[in-house]
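1. Would you be able to build a 3D model of this:
(6 chains)
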Protein chains: 6
Amino acid sequence: MKKVITFGEIMMRLSTPGFARFTQVDTLNVLYAGSEANVASSLSLFGIPAAHVTRFPSNDLGQAATQTLKRYGVDTQYIVYGEERMGVYFLENGAMQRASRIVYDRFNSAFAHIKPGMIDWENVLKNVSWFHWTGITPAISQGAADVCNEAIQVARKNNVTISGDINYRRNLWQYGKTAREIMPALIECTDVIVAGITDMENCVGISGETFEAACTSFKKAYPNTKKILTTERTSISSSHNKLTGLLWNGKQLLKSREYDLTHIVDRVGAGDAFMAGLIYGMINKKDDQSTIEFATAAGAFKHSVEGDVNVASAEEIETLVKGENIGKLLR
Amino acid sequence: MKKVITFGEIMMRLSTPGFARFTQVDTLNVLYAGSEANVASSLSLFGIPAAHVTRFPSNDLGQAATQTLKRYGVDTQYIVYGEERMGVYFLENGAMQRASRIVYDRFNSAFAHIKPGMIDWENVLKNVSWFHWTGITPAISQGAADVCNEAIQVARKNNVTISGDINYRRNLWQYGKTAREIMPALIECTDVIVAGITDMENCVGISGETFEAACTSFKKAYPNTKKILTTERTSISSSHNKLTGLLWNGKQLLKSREYDLTHIVDRVGAGDAFMAGLIYGMINKKDDQSTIEFATAAGAFKHSVEGDVNVASAEEIETLVKGENIGKLLR
Amino acid sequence: MKKVITFGEIMMRLSTPGFARFTQVDTLNVLYAGSEANVASSLSLFGIPAAHVTRFPSNDLGQAATQTLKRYGVDTQYIVYGEERMGVYFLENGAMQRASRIVYDRFNSAFAHIKPGMIDWENVLKNVSWFHWTGITPAISQGAADVCNEAIQVARKNNVTISGDINYRRNLWQYGKTAREIMPALIECTDVIVAGITDMENCVGISGETFEAACTSFKKAYPNTKKILTTERTSISSSHNKLTGLLWNGKQLLKSREYDLTHIVDRVGAGDAFMAGLIYGMINKKDDQSTIEFATAAGAFKHSVEGDVNVASAEEIETLVKGENIGKLLR
Amino acid sequence: MKKVITFGEIMMRLSTPGFARFTQVDTLNVLYAGSEANVASSLSLFGIPAAHVTRFPSNDLGQAATQTLKRYGVDTQYIVYGEERMGVYFLENGAMQRASRIVYDRFNSAFAHIKPGMIDWENVLKNVSWFHWTGITPAISQGAADVCNEAIQVARKNNVTISGDINYRRNLWQYGKTAREIMPALIECTDVIVAGITDMENCVGISGETFEAACTSFKKAYPNTKKILTTERTSISSSHNKLTGLLWNGKQLLKSREYDLTHIVDRVGAGDAFMAGLIYGMINKKDDQSTIEFATAAGAFKHSVEGDVNVASAEEIETLVKGENIGKLLR
Amino acid sequence: MKKVITFGEIMMRLSTPGFARFTQVDTLNVLYAGSEANVASSLSLFGIPAAHVTRFPSNDLGQAATQTLKRYGVDTQYIVYGEERMGVYFLENGAMQRASRIVYDRFNSAFAHIKPGMIDWENVLKNVSWFHWTGITPAISQGAADVCNEAIQVARKNNVTISGDINYRRNLWQYGKTAREIMPALIECTDVIVAGITDMENCVGISGETFEAACTSFKKAYPNTKKILTTERTSISSSHNKLTGLLWNGKQLLKSREYDLTHIVDRVGAGDAFMAGLIYGMINKKDDQSTIEFATAAGAFKHSVEGDVNVASAEEIETLVKGENIGKLLR
Amino acid sequence: MKKVITFGEIMMRLSTPGFARFTQVDTLNVLYAGSEANVASSLSLFGIPAAHVTRFPSNDLGQAATQTLKRYGVDTQYIVYGEERMGVYFLENGAMQRASRIVYDRFNSAFAHIKPGMIDWENVLKNVSWFHWTGITPAISQGAADVCNEAIQVARKNNVTISGDINYRRNLWQYGKTAREIMPALIECTDVIVAGITDMENCVGISGETFEAACTSFKKAYPNTKKILTTERTSISSSHNKLTGLLWNGKQLLKSREYDLTHIVDRVGAGDAFMAGLIYGMINKKDDQSTIEFATAAGAFKHSVEGDVNVASAEEIETLVKGENIGKLLR
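-> Below is the predicted model:
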């Protein structure tokens, strides 16, 4: 099977144990994760070969992060190492009516200092099936935006399917450019888009009364777009959400079943799990309804798993799609 | 008060902390448990003297398992020690839509190598009130089946009440015999049966449209049977179940109230807690309705307790039967 | 801003980790807390200067408890140290249908041996805005009751607003006096009362069909009373409660919105969080409806926080009052 | 084999993890231990039946402490339960040049309130081989001293060998009597004494230039004394001690080899391990030199074991006496 | 007693538990510490009022760091808050022949962005006895160097004793200036210097065959210098060091006793503990020999304490100076 | 660089935390390790590509073990999966005079059921530089011995250097053959041997007064042998050993410096670390003296690292060989 390539920053995630608040702890749980790398890890666990491309500091932390990817079977041979630091994010798990909180400390990271030419994209994107990027990367630095564009152009040239999770983050975009200046060029060459209405508004200035309406306008402006997906989340509390997936394929809007997510364990990375599910579905040539069901089930499943990565097999997701084994004790 | 005797294998239980998956952990929680021993421990905590009979390897793990039983006040004087190993089971706690999983590693255990004559049943079953066995034991090995039968015959001769939890496990029964070949002889001498419809089907080939119908056929085939009980479990998710108890006494089918088990802590051992509640009720000469209420409350309570054993006093279960103190902060 | 002064005992709290029962653990979580100190800590975290007055043993545990208060920014300069011991309470967190349990071991503490004259109340209560006491203090010992009265008299003389959380604890009151002998004199000088119907009955012999009726009688007997507040809690299970706040201002009974508290993390200290919210509201001259909303939101929020103290900012509570950010992931 | 009976208080031990100081921790390790009970537990692990007699509060903590004893195989049938509290001691492990510290909180315990008549000593001491007490018990309260004397008198009448660990604790003895008033009557009937020179001085006013000289005077004053033992400890640091055992048998002073105790894990209970080793040696009719070697090896071994109890088999101690297996990896 | 003022950066310290390496862990221990703040915390624990001046990010981490200082009793009223980040350092504890490692991630911190005028030094340094700075601060940024100089000038004007720990760190000094350009102006006004020979060489270009010779040259160049101190450390392994303190008072070189530091728990912060001991000695007008003994004992003691701060009372250090209690179990 | 291939069983290692004994714990640390795989992991961390060949059960535990290898960068593509179980070993860390203990539970593992033909050795050993096996493998089962021989024959044919760690384990060899029947054929084709005198005696019946004498006889009997190495370990206690390496190259016996290993963290795997150091030295064409120094330094370093794998870079070992950085705090 051909490889999927993902590209983006990986940070150290430091989270408070249990439901403790930042000021209450003397230990933190540590792992290394990033939106695009989470997709690669999940795909690898689904049995699809995946390589992640990033830039790490050449110190023990960069080494530890690389080992994390390797553990999930992600190919790390294209990672480059340099000066600067590992970005960090601090996570406080919410509970009940109390919201979860993330404090970012990611500026001036080794990844933010990535520059065109550092990655040999011709080599990386040779003989691969898919390239995945997110809206976080071009928001980090001009260099990151440029390298993302480099990759997209090579991928397009090589007829690699391109997916982009347009994930608008207001707190990023601090290097002097706006999303609307940078994103259109990247989106233009992207086949599969994950975006909600506000993402579209913020990144390309397209709005719509409904998701379907916005998709129609989006497709007009970006005719290369094949599919647009999103998830709808209802937050009853930090411990209880509902989740539905939407897929617009240019003709119709398909909806997945709704998942009632009581007793949430860890919601971080659910969007990446959804993305991996979507890529899995499309690579395995599922029909659109089956794809959105698989992707949403993957996103739902992630809420029961600790950490950023959806530690799950494709079989487990298929079983959830079928509604089997729920609440069972499998011996 | 006369002792209750239980007989069966005890394994080391290694479970992942919190909601971690098997591939995510570098520590495991360890305890020693087995279906029949869990019944003995729970009875001992209810104030009823209990002794457990088993065979352990004569190493540090056998020693640790023995100490666990002692801690709960279970009499360990009849345990025999030998070669071979301690069986192990690995438990991954499910959450939400993700199922719990058990990986067994129990073949060739010291218990599987038990042989007739190793236990002095005449001595063990002298002056006792009750003998309890489960369908797990005869499924492990011919030796285990034979020793179970030895015990049942001696118990019957000594007018000891016999209970059997017919707990059909498809993955066991690998020594060349089927449940239907072995179980009838054991069931024939048993007074109190815990079994669901599929257990009856698998073990003695009796089926029925309803539990009550199956019980009626069962009683015809096995006229020594005094009562048949079971629990009905509805699994909304790994974190949320509903539980009701059923007792058929030859004349009528009695039902307990239904328990809404949200926020499940640990469901393993709930059936054993139910069994201990049932024995407690019958030894204390409760009427059938009170017995099924007590047993089901014990099973429900267990879901809030970590580990395999229902760490609870009889008073706590009585309080739950009365619907008191639920959600209180008892000072 | 002028300081709030709180007075009362602080104990070591030793709680079982997770949902373990007392007999299952080999570690205990430890912190230092007390009803009145919890109010001071919460106020300090809300940005209102607060000092706590108490008596500690002059050993490492007294030192540790003092450091806990300092950490939350509570002024500890008025604390006195002496002989005797630190009171201890053991907490077993309930879950589902299993109740939470507290075992107290608080007799003969350094605080119980407090005597009039040990605290220089004229100095402590100079230039402060508020004095807070609870019904726990006069229940501990004659000395504690006397010192509480000392404080109330000085506070009243200095025109300090006085609040009292009439928290009747049947297990205390063992030094030869009853609540009805001691409490009236303290209540008489108190401006803001937190009490439920049974507290009023037990402490001053006033009863009523409804909370409002009881309040009306209370006001007649104790005309200095400006407001009476309480919370109504519905316990579906140890993991699921509902909470509403009530405020009677002499004219009308105001109710807060009801909070649905599923997935409770730690309910201990919720009443203290409510109290701190109430003082915060009144010091900031909120209207009565806003005050009861803020206080109840604070009490609700506490259920999501580990430990006795409501580790929360005033902004977080305001946000909850507005119904914003619930279940969000704040980046 | 006949049972050994031990009598004394058991406390909850709360110790800081690792090398943390009291003011640094938010968890404490918990176990239940007491000097005499540690002897019973060690003997039970050596294969000698032992029962411990004490008085516990009839709450969850008393239950947990009882279960701890049961786990080690100690017979708990003679324990009585009552009001009052469980004594507590807080332990901070020293390291290097920093001393270990214990904060006691043991006054007014259930044991301190023991009274003559509460224990049926005739029943307890029927058909037993040995009775062991320590100087801690008579120091706790008049009642404890009286009950200790009760036991000694019955034991003597029944020809039970009596050992007493004269362990003078200056901080105890607060009930109005001095050691010199109480101890002589107890020592007078005791066969085997463990005491250092200062213990003898403080308890019976006997002094001596050397241990041997003091022993000679002691024997003159208390002619029933058969043997007097002690350990000599050299403290290089909290992490490094040296230990030698001494046994005076009325004729000569025997010395054990010296143990170089580098890398100490937990020294609490080493004296009790020594005591258990001594009783083991005498019950097994070892000669005096072998007895002091076994006892000292047991005491030395304890320094490598976490907790108060010397979790070790007799074989392990014999192996250490022979100097075998030291530093091995036994497969 | 007048306050001591310390000034410098505080970082989040993230250390691997036990002896784990960076790539092996999924939890990290977290605390907040900095060389100068460690001095303030230790002085506060010695009973000397101390305030620390720094700049924190105005987020949850800045809040947590502030609470850490408060807990030790350090006055935090002069701390300013701003944009940017909290510096972080990662610590891997060495053992045996394996060295300890620190990975710094401290650039662009809130402290690095401090600027003259942000601290009201006239207010801070009014009525204080001592001001302490280290060579780390001027190495961080021009702003930090300038603010340090600001403080020194005001302190000097107010006749405050000034100490400087000339702690040359090659990895810092990246903002375009060298130590030799910046340090002389700061040293010139400093009364008490802690510096080794290489520090002197690197910071002011003074060298010497021996410490005493270097001190003599230093004094000539910087005549305001009253005393120069340093410690000599012999590293046998990461677990075993030896430590001696040296004090040159312009007339003679005094040496402390040597400490044999086997079984090291945590050596980070030992220099700060020494510094705090030195300030304590001088403020308490100890003679020079007593001062260097106290300071070195404080530095030695720190090796037995987890974390950066010397959690110790002055009494404990005095006891160590006297050589008492070493290896004892203090009850 | 060409790959090194290692072949052998990997087990789950379950070790007690800290210095706890088997009967004291309710958690166990878990990792996956095996002698030959430890060599592969260490080589991979040294920068030499390595692949490990083994057979795992096709369940979650086999998956977790595979991920562990991947994490260290070991190529896992040749691993085969089948029925049966994962072998387990239980480790209790010794301390002081108390020996470490291992309880094995490895019979009937998936690896024990390996059969010739399951591994495509021609493919595995194509274009590789080195093949490593140990004496554990042929001791497990006839199948394992046969597959080991298969590999050796292919390796020899392909001119791959072969190393064998003749590690005689008396408890293994239970399938009906003795070491002397099986080992000679394997040793005959092996270039580099690690063996002590007793290993030689047990496996091939060669003895000698000294290591050198035994080596000479060994070479005569097995003329393909190029080098024989071993380590000499002096065990002062479980916490303190001394270690020297010996290399006999057919002409002379070379000795490394002796390492004084105080404060041992984890000695398991030290022999594998030594082996990896030896292979590293030979692949990098170090001279014999440098090779034995590097190998012994690697073995010594391992004692400071938790787990079975020597988590260390080649640079760290080189530094230790030079005697640099010992006991330093590297910033």
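2. Tell me if A:L186 really is in a strand.
-> No. Counting by DSSP: H, G, I helix; E, B strand; the rest coil, A:L186 is not part of a strand but helix.
3. quick one: contacts for A:S207?
-> By C-beta atoms under 8 Å, 6 or more residues apart in numbering or on different chains, A:S207 lies in contact with A:I197, A:M200, A:E201, A:A214, A:S217. Just so you know, the C-beta spots here come from the backbone N, C-alpha and C atoms, and that holds for glycine as well.
4. ok, now A:A144?
-> Applying C-beta under 8 Å, 6+ apart, the residues contacting A:A144 are A:E9, A:F111, A:A112, A:I114, A:T137, A:P138.
5. returning to what we had before: and the contacts of A:S207, which is closest to chain D?
-> Among the contacts of A:S207, A:I197 lies closest to chain D (C-beta to the nearest C-beta), at 44.8 Å.
6. what lines up beside the lengthiest strand in chain A in the sheet?
-> What stands out as the longest strand in chain A, according to DSSP state E, is strand A:227-237. Taking DSSP bridges as the criterion, strand A:227-237 sits next to strand A:192-194 (parallel), strand A:240-248 (antiparallel) in its sheet.
7. buried ones in it?
-> In terms of neighbour count (16 or more other C-beta atoms under 10 Å in any protein chain shown), strand A:227-237 has its buried residues at A:K227, A:I228, A:L229, A:T230, A:T231, A:R233, A:S235, A:I236, A:S237.
8. farthest pair in those residues?
-> Comparing every pair within the buried residues of strand A:227-237 by C-beta to C-beta identifies A:K227 and A:S237 as the most remote, at 32.0 Å.
9. For chain A, which residue gets nearest to chain B?
-> A:G327 (2.9 Å).
10. For chain D, what is the nearest residue in chain A?
-> Here the residue of chain A nearest chain D is A:D26; by C-beta to the nearest C-beta that distance is 6.7 Å.
11. For that residue, list the residues it contacts.
-> So A:D26 contacts D:D26, E:N29, E:V30, E:L31 (C-beta under 8 Å, 6+ apart).
12. Let me see the confidence value for it.
-> pLDDT recorded at A:D26 is 96.
13. Also A:N171?
-> Looking at A:N171, the pLDDT reads 89.
14. my read: it touches C:R331, true?
-> Yes. Using C-beta atoms under 8 Å, A:N171 is in contact with C:R331, at 6.2 Å.
15. list the residues that contact both of those two?
-> Each of A:Y104 lies in contact with both A:N171 and C:R331 under the rule C-beta under 8 Å, 6+ apart.
16. Now do the worst-scoring helix or strand of chain A on mean pLDDT: everything it contacts.
-> Ranked by mean pLDDT, DSSP states H and E, the helix or strand of chain A with the weakest confidence is strand A:329-330, at a mean of 92. Contacts with strand A:329-330, where a contact means C-beta under 8 Å, 6+ apart, come from B:G94, B:A99, B:S100, B:R101, B:I102, B:R267, B:V268.
17. Then stretch A:220-228?
-> So stretch A:220-228 is in contact with A:184, A:187-195, A:204, A:206, A:215, A:218-219, A:247-250, A:288, going by C-beta under 8 Å, 6+ apart.
18. What's the ChimeraX line that selects buried ones from those residues?
-> Selecting only the buried entries of the contacts of stretch A:220-228 in ChimeraX, with 16+ other C-beta under 10 Å as the criterion:
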select /A:187,189,190,191,192,193,194,195,204,206,215,218,219,247,248,249,288
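19. So A:I162: helix, strand or coil?
-> At A:I162 the chain is in strand, as set by three-state DSSP.
20. Get me the contact residues on the stretch 151-300 of chain A for chain C.
-> A:169, A:171, A:235-241, A:262-263, A:267-268 (C-beta under 8 Å from any C-beta of the partner chain).
21. Give me the buried entries from those residues.
-> For those, a burial check counting by 16+ other C-beta under 10 Å picks out A:R169, A:S235, A:I236, A:S237, A:S238, A:S239, A:H240, A:N241, A:T262, A:H263, A:R267, A:V268.
22. circling back: most neighbours out of the contacts of A:A144, which is it?
-> A:F111 (29 neighbours; other C-beta atoms under 10 Å in any protein chain shown).
23. Checking that one next. Helix, strand or coil?
-> Secondary structure state of A:F111, per three-state DSSP, is coil.
24. same check, this time on the one 5 residues further on
-> Reducing the assignment to helix, strand or coil with three-state DSSP, the entry for A:P116 is coil.
25. what's the neighbour count on the residue nearest to it when sequence neighbours are not counted?
-> Nearest non-adjacent residue to A:P116, counting by C-beta to C-beta, 6 or more residues apart in numbering or on different chains: A:D146, 4.9 Å away. Using other C-beta under 10 Å, A:D146 has 16 neighbouring residues.
26. I'd like to know how far A:D146 sits from chain E.
-> Using C-beta to the nearest C-beta, to the nearest Å, A:D146 is found at 22 Å from chain E.
27. hang on, isn't that residue packed against A:K115?
-> Yes. Look at A:D146 against A:K115 with C-beta under 8 Å: they come within range, at 7.4 Å.
28. Secondary structure element holding whichever residue of the stretch 151-300 of chain A sits closest to chain F?
-> Residue nearest to chain F within the stretch 151-300 of chain A: A:A276 (17.6 Å; C-beta to the nearest C-beta). Under the criterion of DSSP states H and E, A:A276 resides in helix A:270-283.
29. Could I get the average pLDDT for that helix?
-> In the prediction, helix A:270-283 has an average pLDDT of 98.
30. Show me what the helix or strand following that helix packs onto, helices and strands only.
-> Remark: after helix A:270-283, the chain's next helix or strand is helix A:288-302, criterion DSSP H and E. Secondary structure elements in contact with helix A:288-302, counted by 3 or more C-beta pairs under 8 Å, 6 or more residues apart in numbering or on different chains; DSSP states H and E, are strand A:227-237, strand A:240-248, strand A:253-255, strand A:259-262, helix A:270-283, helix A:314-321.
31. List the buried residues for helix A:288-302?
-> Buried residues in helix A:288-302, counted by 16+ other C-beta under 10 Å: A:288, A:290-302.
32. re the thing from before, could the contacts of A:D26 be laid out in CSV, adding secondary structure?
-> Shown next, in CSV, are the contacts of A:D26 (three-state DSSP):
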residue, secondary structure
D:D26, coil
E:N29, strand
E:V30, strand
E:L31, strand
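33. Of the residues you listed, which is the most crowded?
-> Counting by other C-beta under 10 Å, top hit in the contacts of A:D26: E:V30 with 22 neighbours.
34. Now do it against chain C, distance only.
-> Distance of E:V30 to chain C, computed by C-beta to the nearest C-beta: 15 Å.
35. same question, A:E232
-> Separation of A:E232 from chain C (C-beta to the nearest C-beta): 14 Å.
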